[in-house]
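Engineer: predicted model and sequence below, questions to follow.
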Amino acid sequence: MTQPRQFVIEADGGSRGNPGPAGYGAVVIDPVTGETLAEAAEYIGVATNNVAEYKGLIAGLRAAKALVPDASADGALQVRVRMDSKLVVEQMSGRWKIKHPDMKPLAAEAARILPASAVTYEWIPREKNKHADRLANEAMDAGKRGRQWEPSASTASLDTPRSSAAPALPPVSGPPGDAAAGAAKARAALASRPAAASPATPQVGWGVAPDLGAPATFVLLRHGETALTPEKRFSGSGGSDPELSAAGRHQAECIARSLADRGTVEEIVSSPLRRCRETAAAVAARLGLEVRIEEGLRETDFGAWEGLTFAEVRERYGADLDAWLASAKVAPTGGGESFAEVARRVSATRDRLTTRYAGRTVLLVTHVTPIKTLVRLALGAPPEAMFRMELSAASVSAVAYYADGNASVRLLNDTSHLR
């Protein structure tokens, strides 16, 4: 019996603005030799990241099919698709529903190219998808000049020098992107990485540290203003759950534009409270992403202090306030949460999310206390550090979590997008 031809497809897409000028790239690779067998790239005009990613997948599948005349026959071809888009991988694998109307016809088109039994999907970190990423950027650069991408001008293969054989993938015990698979890949990447020949350049920004693999990077966004924000009133999870004010909605649009221009956010997770959900929705609309709700990201329950200013709490509950300021174990008056309780909740949430999103950049839309807690824990600072941090409405902070358990605070209280 003839053995099926085996190919690896790496595909990517990007949009400069999301939606904005967009392009895709795809490469077909011999999994035994690592040889590049085919490349495809195209500028597609104004589109979202997700549309461009699906277009890249379709181009890659078509390029692989073109290499095997009888590719549609059962058993003639086996293709492993590797992409850094969790959305595309999970949707094409059948684990996530396809809700967006722009995605449904693209997914159906991709599914028709080869028999379902011939294609498997695997999520990979962005750093492992450099060839396809470079092709997509070359296509967008060509489009900016009013041209289409030309293979003869491409330098994408120089970005990913391959040995005579493609590296073996680490065995995983779960589906692509699940917790066990992500942890196995992280351990394998760490175990196989050669020792550095010279001291590493200090890391700056949100990028990937060269010696620890891709971290789970949390971009921590405090929600936009509500009517209570400028009055500096306690507004936790036990109060009125206010909506964004007009100023808050404007702030949400500003950060949405900024994050779309930066183009690094791959997932969005939000507190269940309305002000966060509204802020997250503004960003999601720009990025073409879905929002997941995480109960562990809600604000502290401030009990009887909800809706009051600090001065009003001092006047009515002075002794309770003094005790609260003196100890993280003391809860606000009336059965609220202590900072110690919040820290336990946030720590558990952090651990779940770092496992789920290993190697990904995730926007967490949340509140003052959860953000300060994540920063404090990353720094190993004492609880009183909570009172020594300033977090403005719609500000951005960032923390990266590495496979060895260490964390790195990358940014704190950035409001440059609001200026």
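Structural biologist: Received the coordinates, thanks. Numbers count the residues shown, from 1 in each chain.
Engineer: what backbone torsions are found at the residue nearest to I113 when sequence neighbours are not counted?
Structural biologist: Excluding the flanking residues, the one nearest I113 by CB to CB, 6 or more residues apart in numbering is L61, at 4.2 Å. Glycine gets a C-beta too; all of them are placed from N, C-alpha and C. When read as degrees, to the nearest 10, the backbone of L61 gives phi -60, psi -40.
Engineer: again with the one 4 residues further on
Structural biologist: Backbone dihedrals for K65, given as degrees, to the nearest 10, come out at phi -60, psi -40.
Engineer: what do you get for T366?
Structural biologist: According to degrees, to the nearest 10, T366 has phi -150, psi -150.
Engineer: shift numbering so it begins at 357
Structural biologist: Yes, from this point I'll number from 357; that puts the last item at T722.
Engineer: correct me if wrong: it contacts V575.
Structural biologist: No. The pair T722 / V575 is not scored as a contact, 10.8 Å apart, by CB atoms under 8 Å.
Engineer: so which of these two has more stuff around it?
Structural biologist: Neighbour count, other CB atoms under 10 Å: between T722 and V575, T722 has more, with 29 against 26.
Engineer: what's across from that one in the sheet?
Structural biologist: In this entry, T722 is beta-bridged to R578, by DSSP bridges.
Engineer: what is the burial count for the closest residue to E465 other than its chain neighbours?
Structural biologist: Computed as CB to CB, 6+ apart, the closest residue to E465 that is not its neighbour in sequence is I414, at 5.8 Å. For I414, the neighbour count with other CB under 10 Å is 21.
Engineer: please, which helix or strand holds I414?
Structural biologist: helix 405-423 (DSSP states H and E).
Engineer: list the buried residues in that helix.
Structural biologist: 405-421 (16 or more other CB atoms under 10 Å).
Engineer: same thing with stretch 648-658?
Structural biologist: Buried residues in stretch 648-658, counted by 16+ other CB under 10 Å: 650, 652-658.
Engineer: now the strands for the stretch 607-756 of the chain?
Structural biologist: Ranges of strands in the stretch 607-756 of the chain, per DSSP state E, counting those that start in this stretch, are 623-626, 647-649, 717-722, 752-757.
Engineer: also the stretch 357-506 of the chain?
Structural biologist: Under DSSP E, counting those that start in this stretch, the stretch 357-506 of the chain gives strands at 361-371, 376-385, 392-403, 433-439, 475-479.
Engineer: pull the CA atoms of the longest one into CSV?
Structural biologist: Provided in CSV are the C-alpha atoms of strand 392-403 (Å, rounded to 0.1, in the frame of the first residue of the first chain):
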residue,chain,number,x,y,z
THR,A,392,10.4,24.6,1.9
LEU,A,393,8.2,23.1,-0.9
ALA,A,394,5.9,26.0,-1.5
GLU,A,395,5.2,29.6,-0.4
ALA,A,396,2.1,31.7,-0.7
ALA,A,397,1.4,35.3,0.3
GLU,A,398,-1.1,38.0,-0.7
TYR,A,399,-2.2,41.5,0.3
ILE,A,400,-6.0,41.3,0.7
GLY,A,401,-6.9,44.9,1.4
VAL,A,402,-8.7,46.0,4.5
ALA,A,403,-9.6,43.0,6.8
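Engineer: let me see the mean pLDDT of stretch 379-391.
Structural biologist: The average pLDDT for stretch 379-391 rounds to 92.
Engineer: buried residues in that stretch?
Structural biologist: Within stretch 379-391, the residues that count as buried by 16+ other CB under 10 Å are 379-387, 390.
Engineer: confidence score at P555?
Structural biologist: Per-residue pLDDT puts P555 at 38.
Engineer: I misspoke; the intended subject was H723.
Structural biologist: Note for H723: predicted pLDDT of 97.
Engineer: now it, nearest residue through space, not along the chain?
Structural biologist: Spatially, and ignoring its direct neighbours in sequence, H723 is nearest to E655 (3.7 Å; CB to CB, 6+ apart).
Engineer: wait, the one you found sits on R631?
Structural biologist: No. Applying CB under 8 Å, one finds E655 not in contact with R631, separated by 9.1 Å.
Engineer: that older thread, could I get the strands of the stretch 607-756 of the chain as CSV with distance to T689?
Structural biologist: Shown next, in CSV, are the strands of the stretch 607-756 of the chain (distance: least, CB to CB, whole Å):
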stretch, distance to T689
strand 623-626, 29
strand 647-649, 29
strand 717-722, 24
strand 752-757, 29
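Engineer: just name the most buried of those.
Structural biologist: A comparison of the strands of the stretch 607-756 of the chain by mean neighbour count, using mean count of other CB atoms under 10 Å, puts strand 717-722 on top with a mean of 26.
Engineer: and that one, what does it pack against?
Structural biologist: strand 572-578, strand 623-626, helix 630-643 (3 or more CB pairs under 8 Å, 6 or more residues apart in numbering; DSSP states H and E).
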